[in-house]
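need a structure here:
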Amino acid sequence: MNLTTGYLGLQLRNPLVASAGPFAHTVAGVRRLADAGVGAVVLPSLFEEQVHREAERDTWLSEAGSESFPESLTYLPVPDGEAGPSRYLSLVEQASAAVDIPVIASLNGVTTGGWTDYATALQEAGAAAIELNIYYLPTDPLISGRDFEQRHVAVATTVLAAVTIPVSVKLGPYFSSLGELAIRLDRVGVHGLVLFNRFMQTDIDPETLTVSRGLRLSAPFEASLPRSWIARLRGRIRASIAASTGVETPSDVAAYLLAGADVVMTTSSLLRHGPGHATELLDGLTSWLSRKGFSSVDDARGLLAAQAQAEQSAFDRAGYLTAIAEATRAYGPL
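This next block holds a predicted model:
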C-alpha cells in the first residue's frame, strides 16, 4: 500500500503527523515517535514570552560586566522550568539529525515583532518547516474582526519574508469568515493551514467558586467542525491542509483524508495510548484502504470534499436537511 504523502512541499512516508506535545520535548521522545512510524513530528511551540525572558536575561548578564559569560548560562531554564529559546534551537538541531523524517518547529506568539530572528534561527538549526501557532483571542470588544484577521496575515507575511523553508499557520475556528481568511493566507504564500487550534479556555466551578484551567484532550466528536471546513477548502487553496483535533481511531484518520486533508495530526491519542498507538493507526489505515479497494492514500484523499466548482450553499443546505431528517427518524417529531 502506498502511503506516501506530500505536505508543505515535503515528501512524507505517510499522512500521520505527531503534532506538538510532551513526547516531542526531547530527542529521545522524537525518536520514539519516528520509530512508531509517523510521517513527521511537530515540536512543542517556542513561545514569544520565552524569547523575551531570555533576551532580558542576556541583557542583564551583559550589563553586569561579563563580555563573554559562560555558555552554561545561555542554557539556563526560564521560569517554571520551561525550555528557553537556546535550548529549543538545540532540540531542533539534535532532533533533525536524529531521525529521518521531517522535524517541524513551532512558533507561538501574538505580535509580528521578534518572529523573524527566531524563524531564521530555526531554519539554520535544521527545521524542515515552521508552524505558526498564533495563539490570540480577541477579548477586547473594540478590536474589529478585520484587525484580528490582519494580525494573522501580518505575522505570516513577516515570517515568510525571513525564511526559505515552508511555513504553515495553525488556525482556530473563531473567525467571521474563515474561508476568506484561508484564501488571504494562501495568496500571501503560506504553504499550509492546520485546522484547528484548540484554545485552552477557562471555565467556572460552582462548587469551589474558582476558575478552572484544566487541560482536556480532544475527542472524536470534535472532529466534525475541522472536517467540514477541510471539505470546503479542498480545491480552493493551493496550500496544504493538515487536520487536527479528534483523532482516536483509524476511522478518524480515514474520514479526514476523505474530506481532503493532506495530513492528519494527533497528540491526544498518543498521550492516551502512548507513541506506539501511531503504529496501530497506520496499520488500521492500511487495512481500511485495502478493504475499500484503494491502492494509495491519494486515491481516497478528497473523495468526499465539497467540489470547488459546486454551489457551496447547495452543499451546506443538503447537509443541514440530511441532519434534520436523521434527527427526526431517530427521535420522532416533537
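
give me the low-pLDDT residue ranges for the protein?
Within the chain, the segments meeting pLDDT under 70 span 48-84, 110-114, 136-138, 200-201, 214, 307-321, 323, 327, 332-334.

which parts of it are strands?
5-7, 10-12, 16-18, 40-47, 103-109, 129-134, 167-171, 192-195, 203-205, 210-212, 240-244, 263-266 (DSSP state E).

so can I have TSV of those strands showing mean neighbour count?
(C-beta placed from N, C-alpha, C; glycine too.) Formatted as TSV, those follow (neighbours: other C-beta atoms under 10 Å):
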stretch	mean neighbour count
strand 5-7	21
strand 10-12	17
strand 16-18	27
strand 40-47	25
strand 103-109	25
strand 129-134	25
strand 167-171	26
strand 192-195	26
strand 203-205	10
strand 210-212	10
strand 240-244	27
strand 263-266	27
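
OK, contacts around Ala95?
Listed by C-beta atoms under 8 Å, 6 or more residues apart in numbering, the contact set of Ala95 reads 24, 27, 30, 41, 43, 103.

who's in contact with the third one?
Yep, that's Val30 we're talking about. The contact partners of Val30, taken as C-beta under 8 Å, 6+ apart, are 23-24, 41, 43, 95, 98-99, 103.

quick revisit: quick one, which of the strands of the chain is nearest to Ala330?
strand 240-244 (27.3 Å; C-beta to C-beta).

what is the neighbour count of Leu257?
By other C-beta atoms under 10 Å, the residues close to Leu257 number 28.

from what I can see it touches Asp299, true?
No: counting by C-beta atoms under 8 Å, Leu257 does not reach Asp299; the two are 9.7 Å apart.

ok so, going back, reformat the strands of the chain as CSV; add distance to Trp288.
Output for those, formatted as CSV (distance: least, C-beta to C-beta, whole Å):
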stretch, distance to Trp288
strand 5-7, 15
strand 10-12, 18
strand 16-18, 13
strand 40-47, 21
strand 103-109, 26
strand 129-134, 27
strand 167-171, 26
strand 192-195, 22
strand 203-205, 36
strand 210-212, 38
strand 240-244, 16
strand 263-266, 13
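
which stretch among those comes nearest Ser86?
Closest to Ser86 of those is strand 40-47 (C-beta to C-beta; 10.4 Å).

for that closest one, packing partners?
strand 16-18, helix 27-36, helix 85-98, strand 103-109 (3 or more C-beta pairs under 8 Å, 6 or more residues apart in numbering; DSSP states H and E).

now with 6 Å, please.
Helices and strands touching strand 40-47, by 3 or more C-beta pairs under 6 Å, 6 or more residues apart in numbering; DSSP states H and E, are strand 103-109.

Ser240 against Leu8, yeah?
Yes: with contact defined as C-beta atoms under 6 Å, Ser240 counts as touching Leu8 (5.3 Å).

what do these two both touch?
Residues touching both Ser240 and Leu8 (C-beta atoms under 6 Å, 6 or more residues apart in numbering) are Gly192.

and for Asp298, the neighbour number?
Going by other C-beta under 10 Å, the residues that sit close to Asp298 add up to 16.

over to Pro141?
Neighbour tally, Pro141, other C-beta under 10 Å: 6.

dihedrals phi and psi, it?
Pro141 adopts backbone torsions of phi -70, psi -10, taken as degrees, to the nearest 10.

just the one 3 residues further on next, same as before
According to degrees, to the nearest 10, the main-chain angles of Ser144 amount to phi -80, psi 160.

next, count neighbours for it.
11.

any idea how far the closest residue in space to Ile204 that isn't next to it in sequence lies from Gly172?
If the residues on either side of it in the chain are set aside, Ile204 comes closest to Val211, at 6.1 Å by C-beta to C-beta, 6 or more residues apart in numbering. The gap separating Val211 from Gly172 is 21 Å, by C-beta to C-beta, to the nearest Å.

from Met1, how far out is Lys292?
11 Å.

returning to what we had before: nearest to Tyr135 among the contacts of Val30?
Closest approach to Tyr135 among these (C-beta to C-beta): Leu43, at 15.6 Å.

contact partners for that closest one?
Listed by C-beta under 6 Å, 6+ apart, the contact partners of Leu43 are 24, 105-106.

mind running it again at 7 Å?
Leu43 sits next to 20, 24, 91-92, 95, 103-106 when contact means C-beta atoms under 7 Å, 6 or more residues apart in numbering.

related to what we said a few turns ago, make a markdown table out of the contacts of Ala95 and add distance to Pro220.
As requested, those are exported to a markdown table (distance: C-beta to C-beta, whole Å):
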| residue | distance to Pro220 |
| --- | --- |
| Ala24 | 23 |
| Val27 | 31 |
| Val30 | 26 |
| Val41 | 23 |
| Leu43 | 25 |
| Val103 | 28 |
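
and the end-to-end length of stretch 104-123?
Counting by C-alpha to C-alpha, to the nearest Å, you get 10 Å between the two ends of stretch 104-123.

can you tell me what sits against it?
With contact meaning C-beta under 7 Å, 6+ apart, stretch 104-123 is reached by 20, 40-48, 51, 85, 89, 92, 127-136, 154-155, 158-159, 162-165.
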